[in-house]
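> Model the structure of this input:
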Amino acid sequence: MTRRKFLKSSAMVSAAPGILGQLSSAGVAPENSVIVKPYKWEGPYAEYRTEQKALHDWRLCADVRTNWLGPCERIILRTSEIIGHETGFLYDDHFPPSEPEGRGKNYQHIPFEWQVIKPGAELFTDCTVPKVGGFSMRLTAREDFLDIHLRVRNHMRQPMQNADWAFCAVGFESPSIADSEDARTYLFDGERLRALGSIAGRDVRIYKVSGAHGFIPVGHRALPVGPVEAKASVVIIGAVDGSHSVALGFEQSDSIYGDAKGNKCFHADPYFGPVINTGEERKLRGRLYMIKGDAGEAFRRYQQDFGGESQT
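Numbers count the residues shown, from 1 in each chain. I've put the predicted structure just below:
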């Protein structure tokens, strides 16, 4: 499907709001039910990345849908864009590897895949990287959110310094939430939700997160840093209709950012602390909310579920 046809079909759905209600009453699925399944490299996002010559391994990506999105819409979770540490990668999905003169110079890619534990409801993977360590993920669909459980382990002889995990949520195929101006994409500054575009425009900037001690991953240290520190480990996007929202949050994140112009992606990347000792495994919990309610309601949900939690 071309992007033009995709956007046209989405616009037709927006013009006929009774369709989703009819599907729900027909017993297809309850309102707000979330579905997760392995992503396949097809559709407008795959076409866009191919045109941009920006290919990546799709096998640890997930296709996430809910009923209030249009029938052609989905969020693509690029769950493992980069999983690394100060001097190397456990996993990098880029083809060819990123940071070719640094952490990616001697990187050897291993193509991991999902195990489907329960079709439409639960995915799991446990990935071992010889002589380095490993990582695992479990995604479990709930009524209006996706539970995210991440683990990183260190098998090296030396401590693993500054583990970083780029967990990317892509809104490219979801016109209901895609925010090309960063006008509906929010962080919490300690007093209120603020749109990223209103803080420093829509160019990519890294916003540090309180609790991560100013940490910025190696691959992002050349990017400009936003003038505001986020006081909560969550990024929120209000839907175009004003009555729904999506939020990605973790117990502790290190940075909030996104690519409003290109992938329409958003991040609140999980932070595992400054050191993972030899033989140690560190775990972190997160959620992708896909709710009926505005950005303020999404933030309340995050506070209710994660208030006071931190791994650092």
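> looking at this protein, which helix or strand does the model trust least?
The weakest-scoring helix or strand in the chain, judged by mean pLDDT, DSSP states H and E, is helix 18-25 (a mean of 37).
> Could you point out the helix or strand that follows it?
The helix or strand immediately downstream of helix 18-25 is strand 34-38, counting by DSSP states H and E.
> can you give me the mean pLDDT across that next one?
The average pLDDT within strand 34-38 is 98.
> From residue 143, how far off is residue 289?
11 Å (Cβ to Cβ, to the nearest Å). Where C-beta positions appear, they are placed from N, C-alpha and C, glycine not excepted.
> neighbour count winner among these two?
residue 289 (23 against 12; other Cβ atoms under 10 Å).
> show me the residues around that one that make contact.
Contact analysis of residue 289 by Cβ atoms under 8 Å, 6 or more residues apart in numbering lists 144, 145, 245, 246, 247, 248, 249, 298, 301, 302.
> can you check residue 187 too?
With Cβ under 8 Å, 6+ apart, residue 187 has these contacts: 193, 194, 196, 207, 228, 230, 232, 234, 235, 236, 256.
> one more time with 10 Å, if that's ok
Residue 187 is in contact with 193-196, 199, 207, 209, 226, 228-236, 256-257, 268, 299, counting by Cβ atoms under 10 Å, 6 or more residues apart in numbering.
> now swap in residue 256 and tell me
So residue 256 contacts 185-188, 196, 205-209, 226, 228-230, 232-236, 248-249, 266-269 (Cβ under 10 Å, 6+ apart).
> run the last query once more with 6 Å
By Cβ atoms under 6 Å, 6 or more residues apart in numbering, residue 256 lies in contact with 187, 207, 230, 235, 268.
> Specify which member of those is nearest to residue 155.
residue 268 (27.5 Å; Cβ to Cβ).
> So that closest one sits against residue 246, correct?
No: contact criterion Cβ atoms under 6 Å: residue 268 and residue 246 do not qualify, at 11.7 Å.
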